[in-house]
Structures are given as C-alpha cells and as structure tokens.
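Undergrad: No sequence on hand, only this structure:
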C-alpha cells in the first residue's frame, strides 16, 4: 500500500506545482496525517458479517456449485 500512496502523493504534488494554487508544505503535512490514519485503520481487525461469508450455491453443474 505504501507504494500506491507514494504514487498518489507524487501525482497530487505534481498537479499542485502545475496549478501553483496550494501550499505544498501544508498538503504534504495533510498527506502524512492521512497516511498515518490509513495505517492505523489497516492494523485494526475487521469483522465480516456471517451472511457475507456463507455461500449458498444456487445450482450444480457436474457436481460443481455455481
């Protein structure tokens, strides 16, 4: 995920330089904060409702549920 964030950060900063309308240091600080928030969320376990985990095949073709 880190590589994807780096690509996004470079793209956004490149666009900002092109537009010259936003403080780059402020944006970089916001990106660092957002990246930290994402990392915290990525470390949290996720509960998946059992209804999403249960598979109920509708029919079989040659013994294979489809």
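TA: Thanks, I have it. Predicted model, so just to flag it, every value in this text is computed and none were measured. Numbers count the residues shown, from 1 in each chain.
Undergrad: Show me the helices in this structure, by range?
TA: Assigned by DSSP state H, the chain shows helices spanning 2-19, 24-43, 50-53.
Undergrad: and those, which one is worst for confidence?
TA: With a mean of 64, helix 50-53 has the lowest mean pLDDT of the helices of the chain.
Undergrad: Make CSV from the helices of the chain and add mean neighbour count to it.
TA: Every C-beta, even on glycine, is put in place using the N, C-alpha and C of the backbone. As requested, the helices of the chain are exported to CSV (neighbours: other Cβ atoms under 10 Å):
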stretch, mean neighbour count
helix 2-19, 11
helix 24-43, 11
helix 50-53, 7
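Undergrad: If I look at residue 62, what pLDDT would I see?
TA: For residue 62, the predicted pLDDT is 68.
Undergrad: going forward can the numbers begin at 45, since that is how I track them
TA: Shifting the count to begin at 45 puts that one at residue 106.
Undergrad: Just to check, residue 79 is in contact with residue 72?
TA: No. Using Cβ atoms under 8 Å, residue 79 is not in contact with residue 72, being 10.4 Å away.
Undergrad: got the contact list for residue 71?
TA: 56-57, 60 (Cβ atoms under 8 Å, 6 or more residues apart in numbering).
Undergrad: Identify the residues contacting stretch 51-65?
TA: For stretch 51-65, the surrounding residues in contact (Cβ under 8 Å, 6+ apart) are 66, 68, 71-72, 75.
Undergrad: 10 Å - rerun?
TA: Residues from elsewhere that reach stretch 51-65, judged by Cβ atoms under 10 Å, 6 or more residues apart in numbering: 66-68, 70-72, 74-76, 78-79.
Undergrad: can I get those in a markdown table with distance to residue 51?
TA: Supplementary listing: the contacts of stretch 51-65 in a markdown table, determined by distance: Cβ to Cβ, whole Å:
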| residue | distance to residue 51 |
| --- | --- |
| 66 | 19 |
| 67 | 22 |
| 68 | 17 |
| 70 | 21 |
| 71 | 15 |
| 72 | 15 |
| 74 | 17 |
| 75 | 12 |
| 76 | 16 |
| 78 | 14 |
| 79 | 13 |
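Undergrad: Out of these, which comes closest to residue 86?
TA: residue 79 (10.3 Å; Cβ to Cβ).
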